[in-house]
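Student: Whatever this is, show me its structure:
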Amino acid sequence: MGNTRIVVDGEQDRKLAHRLRPAIPGQRRPGDSPTDPPAAPPAAPTADTPAEPPADAPATAVEDAVATTPAPRPPVPVDDPATRAPGSRRRVRFAHAVRRVPPTRAAALAGRAARSWLRRPAGRVAASAGLLLVLVGTTGAAGALVVPAIARPAKPVAASPEPAGTSAPASDTTTVPIIPAPTGPLPTTGAAPPAATLPAGGRPADALAGWAQQTSAKVNIPVVALQAYGYAELVLSRTKPSCGLTWTTLAAIGKVESDHGSANGSTLLPDGRVEPPIIGLPLDGQGGRQRITDTDGGALDGDREYDRALGPMQFIPTTWRTAGVDADNDGTADPQDIDDAALAAGNYLCAGDRNLSIVEDWWAAILSYNEVQPYARAVYNAANEYGSASHT
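Tutor: Alright, predicted model coming up:
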């Protein structure tokens, strides 16, 4: 009968059957050797590793599973500096996800974002504030460029704010001029001298003797000085008619500077000269005066160390050299002569095409003579008093 081994029903199947795997990793199965390592849990199927078909699955099922399983993805190479080829670029993961936006596209996106922000209340307020700041800055820059260009330089004639011969408290600081605001009317215009025919020889101001005699009693100005002031107005009305200078302005300056040639006990002579000569304090920077070292070798002021203001209108030597004039036909331009000094002061005030019938030009002319606000106010008050008194 061939193999006489008795085959018990089901025995062969038990031999072929797989051993049961434990449900919990590390749990031993019956019959395992105590020294056998615990069985590892089955790996979960992934996209790259398809699930293994069961052993007893039909062959067609296995073939179908193999046919429908996607091919595993190749591993991503790891960038290793040691194995990188010289000159090659480093590969960065996910670099393809960063897209470079063209400049024109970026500008368009930024413009749309800015317009959207400006439509909001906060954007409108910020834009208005920015525009205001730009306008203020532009105005300030324009003013800084334009104002110095149109400003007229002033060179004071009388460098001392005090009348000649007076003393002032010692001080090491120079008074800073403050241009007064042009408020109120101009000084009252005085009674004009007659349009006299000026003589070709002798002292031309003598042609105004009658007018000066009549007006002197009203304004309390010496006749000789008043003749000089009136003569300067007549000359300038013909040589510089647009200036509009009146004798009251010259008389006010003569009053403040030397009390019409009487400072230091001096007296006006009939020919217009002052005796003794009027020489101011040294311009050494003390007492609020300017510091001007000697410029004429002491020829006019007798001081070889510092310059000094001279005569009834208090000219400094440097200004007299450019503005001095011979107004009495004696052949000499003398700052100690009231005729010469008054006409020279009139020419100086009318310089730069000033129109003294305009408030701003009048103040500018006086401050060009002496850049001190109290001085300019004193001249204004004196000119206004003389103008009013001359009409009584």
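Student: what's the first-to-last distance across stretch 256-268?
Tutor: Its first and final residues considered, stretch 256-268 spans 16 Å by C-alpha to C-alpha, to the nearest Å.
Student: Also stretch 324-343?
Tutor: Start and end residues of stretch 324-343 are separated by 9 Å (C-alpha to C-alpha).
Student: Stretch 196-213 now?
Tutor: Distance across stretch 196-213, first residue to last, is 15 Å (C-alpha to C-alpha).
Student: got a list of contacts for that stretch?
Tutor: Stretch 196-213 has contacts (C-beta atoms under 8 Å, 6 or more residues apart in numbering) with 193-194, 223, 226-228, 230-231, 234, 271-272, 327-329, 339. Just so you know, the C-beta spots here come from the backbone N, C-alpha and C atoms, and that holds for glycine as well.
Student: In it, which residues are buried?
Tutor: Buried residues in stretch 196-213, defined by neighbour count with 16 or more other C-beta atoms under 10 Å: 196, 203-208, 211-212.
Student: Now render the residues you listed as TSV, adding secondary structure.
Tutor: Output for the buried residues of stretch 196-213, formatted as TSV (DSSP: H, G, I helix; E, B strand; the rest coil):
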residue	secondary structure
Ala196	coil
Arg203	coil
Pro204	helix
Ala205	helix
Asp206	helix
Ala207	helix
Leu208	helix
Trp211	helix
Ala212	helix
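Student: Pull the most distant pair out of these.
Tutor: Across the buried residues of stretch 196-213, the longest distance by C-beta to C-beta is 14.9 Å; it joins Arg203 and Trp211.
Student: Take the contacts of stretch 196-213 and keep only those in helices.
Tutor: 223, 226-228, 230-231, 234, 339 (DSSP state H).
Student: Now list the buried members of those residues.
Tutor: Using 16+ other C-beta under 10 Å as the burial test, the ones in helices among the contacts of stretch 196-213 include 223, 226-228, 230-231, 234, 339 as buried.
Student: how about these in JSON lines, adding distance to Asn355?
Tutor: Shown next, in JSON lines, are these (distance: C-beta to C-beta, whole Å):
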{"residue": "Val223", "distance to Asn355": "30"}
{"residue": "Leu226", "distance to Asn355": "24"}
{"residue": "Gln227", "distance to Asn355": "26"}
{"residue": "Ala228", "distance to Asn355": "23"}
{"residue": "Gly230", "distance to Asn355": "20"}
{"residue": "Tyr231", "distance to Asn355": "21"}
{"residue": "Leu234", "distance to Asn355": "18"}
{"residue": "Asp339", "distance to Asn355": "25"}
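Student: Can you add distance to Gly288 and pLDDT and give these back as a markdown table?
Tutor: Converted to a markdown table, these look like this (distance: C-beta to C-beta, whole Å; pLDDT from 0 to 100):
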| residue | distance to Gly288 | pLDDT |
| --- | --- | --- |
| Val223 | 34 | 97 |
| Leu226 | 31 | 97 |
| Gln227 | 33 | 96 |
| Ala228 | 29 | 97 |
| Gly230 | 33 | 96 |
| Tyr231 | 33 | 96 |
| Leu234 | 36 | 94 |
| Asp339 | 30 | 97 |
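Student: now for the residues you listed, which pair is the farthest apart?
Tutor: By the measure C-beta to C-beta, Val223 and Leu234 form the most distant pair in these, at 16.2 Å.
Student: And Trp362, what's its pLDDT?
Tutor: At Trp362, the pLDDT value in this model is 95.
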